[in-house]
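[1] My questions are about this predicted structure, shown below with the sequence.
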Amino acid sequence: MKVKIVTDSHACLPMEFMKKENIGYLESLMIIDEKDYKELSEIDRNDFIKQIPLFNPYPKTSIGSPQHALDIFEQAIKEGYKEIFYIGVSPTISNQYNSAKVAAKKINDKINVTLYECGLSTASQGALVLNAVKLLKKGRNVSEVIEELNKLKQHTHTLGMSQSFEALFKTGKIQKKMSLNVISKLMKLKPMFEVILDEGVQSRGAGKGNKSALQKVYERLEELAQEGTEYDLFLSDVNNTHHFKTIEEELGKVMSIKDVHYWKIPPVVIHSLGTESVQVTISPHVN
């Protein structure tokens, strides 16, 4: 059966890959000067990165609407698909899943829509989508793919670092205090984060400089990796690729790496993490 995969724009998947595999994507919204913009189709990523330090007030974000999801689903019908497989985050992380759920109810008499709460976000979510594409191409049906994804997501991990606390202060992820602001700048602290299953992006403290922060990333991923498992590595960034070679080399010392993918962090995630952020994701390799 011809299956249309749909996911979220913040899954960090490259546009080229989504076009090649005809993946539909429900776009999050950036609210800039009280006007809504879809984060991929209506925002120039490079311009957005340049404007990040200048925004006043700082932009807000919102979910894609049920109508947007419905438009994607109806387009799948026009393209001849017989089934839609939406891979979204859990409602506990983002209400965007509920937009897809509302749209699915409106169209379930025309096409079968399977909604899957993957429980992961950003590049971890993207890694699951990539593996879903592989599994469907191998002839698996959606139920079988979900069974595999339920296993994979337990061992798919994303850690990363931001260059400063500024974006975290502006988005309210942490409360801005004068002492923390001064200390973080003086000590060149790099805030760290981890994508936790069913919880989303969570703080993991900070490293004193890039080298210290990345070393903590390596140690945490080594702790999480299963012995004897071959992993794919996903590196995503905001204008900060110069760490990639070192990351590959260091992780290659402590785990078996099969394929390496280079992705770009999209605007809504940049909004939360800030410029020059780096994400490191590992997920078991699917042959």
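    Great, that's in hand.

[2] Which residues belonging to stretch 131-149 are considered buried?
    For stretch 131-149, burial by neighbour count (16 or more other Cβ atoms under 10 Å) applies to 131-133, 135-136, 140, 142, 145-146, 148-149. In this view, the C-beta of every residue, glycine as well, is placed from N, C-alpha and C.

[3] Next up, phi/psi of the residue nearest to V201 when sequence neighbours are not counted, please.
    Once flanking residues are discounted, V201 sits nearest to F193: 5.2 Å by Cβ to Cβ, 6 or more residues apart in numbering. Main-chain torsions, F193, degrees, to the nearest 10: phi -150, psi 160.

[4] got it, and K258?
    phi -90, psi -70.

[5] domain assignment for the protein?
    Using automatic domain parsing, the domain parsing of the chain gives 3-154, 155-284.

[6] What's the per-residue pLDDT of the nearest residue to E39 once chain neighbours are set aside here?
    Counting by Cβ to Cβ, 6+ apart, E39 lies nearest to P267, which is 4.4 Å off, once chain neighbours are set aside. Looking at P267, its pLDDT reads 96.

[7] Could you give the number of residues near P267?
    P267 has 27 neighbours, counted by other Cβ atoms under 10 Å.

[8] and the one helix or strand L149 maps to, how far from the chain's centre?
    Using DSSP states H and E, L149 maps to helix 142-152. Relative to the chain's own centre, helix 142-152 is displaced by 19 Å; criterion: Cα atoms, centre = their mean, to the nearest Å.

[9] same question for that helix, mean pLDDT?
    The predicted model gives helix 142-152 an average pLDDT of 98.

[10] Just list what it packs against, helices and strands only.
    strand 83-88, strand 112-117, helix 122-137 (3 or more Cβ pairs under 8 Å, 6 or more residues apart in numbering; DSSP states H and E).

[11] now the angle from the helix or strand just after it to helix 122-137?
    Heading C-terminal from helix 142-152, the first helix or strand you meet, by DSSP H and E, is strand 157-161. With axes from the mean of the first three to the mean of the last three Cα atoms, to 10 degrees defining the directions, strand 157-161 sits at 150 degrees from helix 122-137.

[12] This protein: helices as residue ranges?
    15-20, 45-51, 66-78, 96-107, 122-137, 142-152, 166-171, 178-186, 210-224, 244-252, 267-273 (DSSP state H).

[13] is it possible to export the ones you listed to CSV including distance to H261?
    Shown next, in CSV, are the helices of the chain (distance: least, Cβ to Cβ, whole Å):
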stretch, distance to H261
helix 15-20, 9
helix 45-51, 18
helix 66-78, 24
helix 96-107, 23
helix 122-137, 8
helix 142-152, 15
helix 166-171, 24
helix 178-186, 31
helix 210-224, 16
helix 244-252, 11
helix 267-273, 16
